[in-house]
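Q: Here you go, sequence then predicted model.
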Amino acid sequence: MTSSNIDVFNENVGKIFADLYNSFPVPKEIHPRDFVGIGIAVESESTFEFSSQEKPKSSEILFFSTVQWLIREGYISATELLPTQVYFRTVVLTQKGLMVLNAVPDSLANKQSLGDRLVSSAKSGAIDLLKSAAKEALSIGIKSLTG
C-alpha cells in the first residue's frame, strides 16, 4: 500500500519537529537523507535537480515541500537555500513552533508535551503515533491563529 501525500507530510512534520525540539535552541542542518533515507549529490544549478540520471523521487520532493511549508507557515526558520543546496541550514523552531510543541493537550493523562511525544515516537519508530502527534501539533497551531 502506498502512502498518500498527507501521510508522508505528517510523517515528515513529525520527524522534523522531533529533531528540532530535541536540539532546541541550537540550529541544525536538515538533510533529506536523514529523514527519508536518500543520498543526494548536486552538480546542477537548481535546488530540485539532482546529479544522478534519475528524476527526484516523490519522497524527496515531498520532504523539501514539507520543510518549505513549515517555514512559510512560521513553525520553523532556516537560512535561505542557495541554488546548489539540497539541504536546509540553520533550521530552528520559531516561537510559534516551540509554543505548539510545548503544548500539553487536556486529553493526555500523563501530561507529556507534544514535543516529548514526537521525540519518543521518532526514537521508537512508532510512525502512526508520530503522524498523530504531528497532526495534533499543526491543529494547535491553526487554532492559535483563529482563537
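A: Looks like it came in fine.

Q: Please name the spatially closest residue to Val13 (chain neighbours excluded).
A: Distance criterion C-beta to C-beta, 6 or more residues apart in numbering; nearest residue to Val13, sequence neighbours excluded, is Ala134 at 4.1 Å. Where C-beta positions appear, they are placed from N, C-alpha and C, glycine not excepted.

Q: And the pLDDT for the one you found?
A: For Ala134, the model assigns a pLDDT of 87.

Q: ok, it touching Asp7?
A: No: look at Ala134 against Asp7 with C-beta atoms under 8 Å: they stay out of range, at 10.4 Å.

Q: Quick one: residues contacting the residue nearest to Val13.
A: Asn10, Glu11, Val13, Gly14, Phe17, Leu118 (C-beta atoms under 8 Å, 6 or more residues apart in numbering).

Q: Recalculate using a threshold of 10 Å.
A: 9-18, 114, 117-118, 121 (C-beta atoms under 10 Å, 6 or more residues apart in numbering).

Q: so which pair among those is furthest apart in space?
A: Phe9 and Arg117 (18.1 Å; C-beta to C-beta).

Q: Give me the more crowded residue out of these two.
A: Arg117 (27 against 21; other C-beta atoms under 10 Å).

Q: A strand includes the more buried one, no?
A: No: in this structure, Arg117 is helix, not part of a strand, as judged by DSSP: H, G, I helix; E, B strand; the rest coil.
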